[in-house]
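K.L.:
prediction below, plus the sequence it came from.
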Amino acid sequence: MDKTRPIIIVKKKVGHGGPHGGAWKVAYADFVTAMMALFIVLWLLNTSKPVREAIAGYFKDPAGTEGKTGTSKGGVGEDLTISQENVAQLKEKLEKALGQLPNFEQIKSQIDITVTAEGLRIELLESSSGTFFERGSPIPNGNGRELLATLAQELGGVPNKISIEGHTDSKPYSGNGEYSNWELSADRANAARRLMQKSGLRENQVSQVRGFADQKLRKPDDPLDASNRRISVIVHYAEKPAEEVPAASEEKPSPAHPAEHKASEGGEKKE
């Protein structure tokens, strides 16, 4: 008796992960990555040259760029304590960093860095054609913000204390009679301090903020000259540690009386 083979019907169920499968996820991930790369490039284009160089150096040698701007340490790359012996080294580093600013050629005549008895003095001078603050205002303009931020990045790695001074010319402040050149000079110095602390200075690095109005003119013979309006940043020399006072020595017996000394030389006295 012949047996017919059973008929086996196989039904396959085909599942779909959506209207177009999962390929859209890959495309979306590529799009997000491309947008992130675009935003990073745009951000880099708006940063200063020292920051761009530090970032490029990090990818080339991460361990060797820890002390540069934009990494774990700010400033000149080392905790260089400034003294009268090495202050020229800091002056050279600052001049090199400022020289990399995009508009340095236009403002270089308004930057004066000198070595003084109290430390390294950096002065941002206004001119008839260029300023660092809005006219009659304590608010720094674009040039002022960029210059102060660059100085802060370089000086943030220096352990020395810093003072910031504000100066004006002798032209009376026009406006509210209760607000004068005294307030303007002090407010500009404080505005510079706030900006520099946000840009790289340590919170406890500024030791003094002073407003002098027109009492310390750069050009006393021309009190209305624009260069009298300026911000001065002073990097003070490191304080020398106090010399140790030698420990008090044991009291020595007072020298013998001359008569007693002569008696001892001749031997014992005989009665």
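P.N.:
Perfect, thanks for sending it. Residues are numbered from 1 along each chain as shown.
K.L.:
buried stuff in stretch 194-201?
P.N.:
Leu195, Met196, Gln197, Ser199, Gly200, Leu201 (16 or more other CB atoms under 10 Å). All C-beta spots, glycine's among them, are computed from the backbone N, C-alpha and C.
K.L.:
are we agreed that the last one is in a strand?
P.N.:
By that I understand Leu201. No - counting by DSSP: H, G, I helix; E, B strand; the rest coil, Leu201 is not found in a strand; it is coil.
K.L.:
per-residue pLDDT, Ala259?
P.N.:
pLDDT for Ala259: 48.
K.L.:
so which helix or strand of this structure has the lowest pLDDT on average?
P.N.:
Using mean pLDDT, DSSP states H and E, helix 258-265 stands out as the lowest-scoring helix or strand of the chain, at a mean of 46.
K.L.:
show me where pLDDT drops low in the stretch 101-250 of the chain?
P.N.:
For the stretch 101-250 of the chain, the stretches with pLDDT under 70 are 176, 240-250.
K.L.:
may I have the phi/psi pair for Gly200?
P.N.:
phi 160, psi -20 (degrees, to the nearest 10).
K.L.:
from Gly157, how far off is it?
P.N.:
Distance, Gly200 to Gly157, by CB to CB, to the nearest Å: 8 Å.
K.L.:
bridging residues for the spatially closest residue to Ser227 that is not a sequence neighbour?
P.N.:
Among residues not flanking Ser227 along the chain, Leu125 sits closest, at 4.5 Å (CB to CB, 6 or more residues apart in numbering). Going by DSSP bridges, Leu125 is paired in beta bridges with Arg230.
K.L.:
thought Leu125 was touching Arg230?
P.N.:
Yes - counting by CB atoms under 8 Å, Arg230 is a contact partner of Leu125 at 4.8 Å.
K.L.:
which residues are common contacts for the two?
P.N.:
Listed as contacting both Leu125 and Arg230 by CB atoms under 8 Å, 6 or more residues apart in numbering are Arg218.
K.L.:
any idea how far Lys96 is from Ala117?
P.N.:
Noted for Ala117: a distance of 25 Å to Lys96, by CB to CB.
K.L.:
of these two, which one has the most company?
P.N.:
Neighbours were counted for Ala117 and for Lys96 using other CB atoms under 10 Å; Lys96 has more, 12 against 7.
K.L.:
confirm that the more buried one sits in a helix.
P.N.:
Yes - under the criterion used here (three-state DSSP), Lys96 sits inside a helix.
K.L.:
for it, give me the pLDDT.
P.N.:
pLDDT, read off for Lys96, is 93.
K.L.:
from Glu154, how far out is it?
P.N.:
In this view, Lys96 and Glu154 are 9 Å apart by CB to CB.
K.L.:
which residues of the stretch 1-150 of the chain fall in helices?
P.N.:
Under the criterion DSSP state H, counting those that start in this stretch, the stretch 1-150 of the chain contains helices at 23-45, 49-60, 87-98, 104-107, 142-155.
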